[in-house]
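A.B. asks: no sequence for this one, just the structure:
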Ligand code: NAP
Ligand code: MG
């Protein structure tokens, strides 16, 4: 029997499978571009909706715990159920967002960076370099308590300290029906969000911008601003000076205006909701959600790589009818390369790091050679373009990867 020439691994990668079209693509990527080259050591968690339902969503918690144990995970897009999905999949209940559950366990910050290729020009003319969104992945409306006020009455915000008197404030005296919401965040979480951003800025030698609405939210948002400033002055000011980069705080509305007029090339730190919204805006303006990397970095230094887009349901329904789909696998593929590279760095396996680099380069070369999925063909300015389905695209990537190895 011939010797296995594939790259071997030391520590398992936490592999988190998902739903619909991205689940199909997940298998194609593994078969075509991972398993022939790597003796993959992975601990597999099936977060496909049927299995989340079967395990009462325990599998999601176990997957997050496994990332805490091994340090690196790669996640496929998953369905966040709504009423329609409960019916479609005959679910026991409307399970929570798996990403929300995993982020709540790992805490941390999500970094999203557009993948820039020749032939695709950002819609914003001034943008020359990628803009990375750093999204705080804990708290605010993602962990809120909401209440539909049925009619007249008083809503109060009450805090009961472990010892001492309760403190209360009137939120509103309702004369009729309305809505009320309570949310929170933690100094520790904000501080680790700040550190993750400052570290990432120094690592990548890019300026860091942070913005909130501290003029209106004089305690909540202002606390974010103050903690960032304190962490910066105490721990990072010197490092920033040495790296020749800047930390810059401004109001969120001013930040939006400045980002659009900028050249790009900075990290834009956003509170949880701002980051959710702004990352879609930045991704779309750079070309496509399918051309965006996404990694969750926990304060303990654990990493979860994923695609920023969803399960591409509309394509999946076509796939189920037996049609070929031209779904872009780049973001899912880059989740794999990101995770494998990080595993290689942590375990000192340089072949794994190099493989990830070459696989990414081969993917971009394929697109720059004019071979691409439909979503990119619609926006690429290359004179000669060939639209291919997902399988053929991956085969073209493999050709270029083999040439480079
Ligand atoms: P989506 O899956 O991102 O797809 C929205 C549309 O964007 C698609 O219909 C497609 O447009 C285009 N698109 C997205 N990714 C693409 C790709 N890789 N290649 C080509 N086109 C792509 O968002 P959604 O339809 O709102 O959500 C579908 C499911 O995904 C939902 O159940 C949601 O809960 C889940 N979701 C999961 C995550 C996650 O796990 N991270 C994130 C968001 C949503 P055309 O149809 O026009 O071609
Ligand atoms: Mg979103």
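C.D. replies: Sure thing, it's come through. Since the model is a prediction, treat every value here as computed from it, not as a measurement. Numbers count the residues shown, from 1 in each chain. Ligands and ions are numbered 1, 2, ... in the order given.
A.B. asks: and stretch 50-66, which residues are buried?
C.D. replies: By neighbour count on 16 or more other CB atoms under 10 Å, the buried set for stretch 50-66 is 52-53, 57, 59-61, 63-64, 66. (Glycine included, C-beta is placed from N, CA and C.)
A.B. asks: how about a markdown table for these, with secondary structure and pLDDT added?
C.D. replies: Shown next, in a markdown table, are the buried residues of stretch 50-66 (DSSP: H, G, I helix; E, B strand; the rest coil; pLDDT from 0 to 100):
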| residue | secondary structure | pLDDT |
| --- | --- | --- |
| 52 | helix | 98 |
| 53 | helix | 98 |
| 57 | coil | 98 |
| 59 | helix | 98 |
| 60 | helix | 98 |
| 61 | helix | 98 |
| 63 | helix | 98 |
| 64 | helix | 97 |
| 66 | helix | 98 |
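A.B. asks: tell me which of those is nearest to residue 326?
C.D. replies: The shortest gap between residue 326 and any of these belongs to residue 52, at 28.5 Å (CB to CB).
A.B. asks: which SS class is the nearest residue to the closest one once chain neighbours are set aside?
C.D. replies: In space, and not counting its chain neighbours, residue 52 is closest to residue 95: 5.5 Å by CB to CB, 6 or more residues apart in numbering. Here residue 95 is recorded as coil under DSSP: H, G, I helix; E, B strand; the rest coil.
A.B. asks: so who does residue 95 touch?
C.D. replies: 49, 52-53, 57, 60, 81 (CB atoms under 8 Å, 6 or more residues apart in numbering).
A.B. asks: got the residues of the stretch 151-300 of the chain near ligand 1?
C.D. replies: 289-290 (CB under 6 Å from any ligand atom).
A.B. asks: pLDDT on stretch 359-369, on average?
C.D. replies: In this model, stretch 359-369 carries a mean pLDDT of 97.
A.B. asks: residues in contact with that stretch?
C.D. replies: Under CB under 8 Å, 6+ apart, the answer for stretch 359-369 is 33, 115, 117-119, 330, 333-334, 337, 372, 376, 380, 382, 393, 396-398, 400-401, 403-404.
A.B. asks: Please see if it touches ligand 1.
C.D. replies: No - using CB under 6 Å from any ligand atom, we find that stretch 359-369 stays clear of ligand 1, coming within 12.6 Å at best.
A.B. asks: For the stretch 251-400 of the chain, which segments count as strands?
C.D. replies: 267-270, 292-297, 303-307, 371-372, 386-387 (DSSP state E, counting those that start in this stretch).
A.B. asks: Distance to residue 10 and mean neighbour count added to those, as a markdown table?
C.D. replies: Putting the strands of the stretch 251-400 of the chain into a markdown table (distance: least, CB to CB, whole Å; neighbours: other CB atoms under 10 Å) gives the following:
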| stretch | distance to residue 10 | mean neighbour count |
| --- | --- | --- |
| strand 267-270 | 31 | 28 |
| strand 292-297 | 21 | 24 |
| strand 303-307 | 16 | 26 |
| strand 371-372 | 35 | 25 |
| strand 386-387 | 40 | 15 |
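A.B. asks: beta partners of the residue most central in space within the chain?
C.D. replies: With distances taken as CA atoms, centre = their mean, residue 294 lies nearest the centre of the chain, 3.5 Å away. According to DSSP bridges, the partner residues bridging residue 294 are residue 112, residue 306.
A.B. asks: What about the closest residue to residue 311 other than its chain neighbours, how many residues nearby?
C.D. replies: Of all residues not flanking residue 311 in the chain, residue 20 sits nearest, at 3.7 Å (CB to CB, 6+ apart). By the measure other CB atoms under 10 Å, the count of residues near residue 20 is 23.
A.B. asks: so who does residue 20 touch?
C.D. replies: 77, 79, 311-313, 316.
A.B. asks: quick one: pLDDT of the residue nearest to residue 171 when sequence neighbours are not counted?
C.D. replies: Leaving aside its chain neighbours, residue 171 sits nearest to residue 155 (4.2 Å; criterion: CB to CB, 6+ apart). Note for residue 155: predicted pLDDT of 98.
A.B. asks: mind checking which helix or strand residue 155 is in?
C.D. replies: strand 153-159 (DSSP states H and E).
A.B. asks: The residue nearest to residue 123 when sequence neighbours are not counted: what's it in contact with?
C.D. replies: Nearest residue to residue 123, sequence neighbours excluded (CB to CB, 6+ apart): residue 285, at 4.7 Å. The neighbours of residue 285, taking CB under 8 Å, 6+ apart as the test, are 122-124, 127.
A.B. asks: returning to that earlier point: as CSV, the buried residues of stretch 50-66 with distance to residue 40 would be great.
C.D. replies: Converted to CSV, the buried residues of stretch 50-66 look like this (distance: CB to CB, whole Å):
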residue, distance to residue 40
52, 23
53, 27
57, 26
59, 20
60, 22
61, 24
63, 17
64, 21
66, 15
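A.B. asks: now for the residues you listed, which pair is the farthest apart?
C.D. replies: Counting by CB to CB, the most remote pair of those is 53 and 66, 19.9 Å apart.
A.B. asks: Hmm, residue 382 is touching residue 121, no?
C.D. replies: No - the pair residue 382 / residue 121 is not scored as a contact, 11.1 Å apart, by CB atoms under 8 Å.
A.B. asks: How many residues are close by the closest residue to residue 108 other than its chain neighbours?
C.D. replies: Closest residue to residue 108 apart from its sequence neighbours, by CB to CB, 6+ apart: residue 298 at 3.8 Å. Close neighbours of residue 298, defined as other CB under 10 Å, add up to 21.
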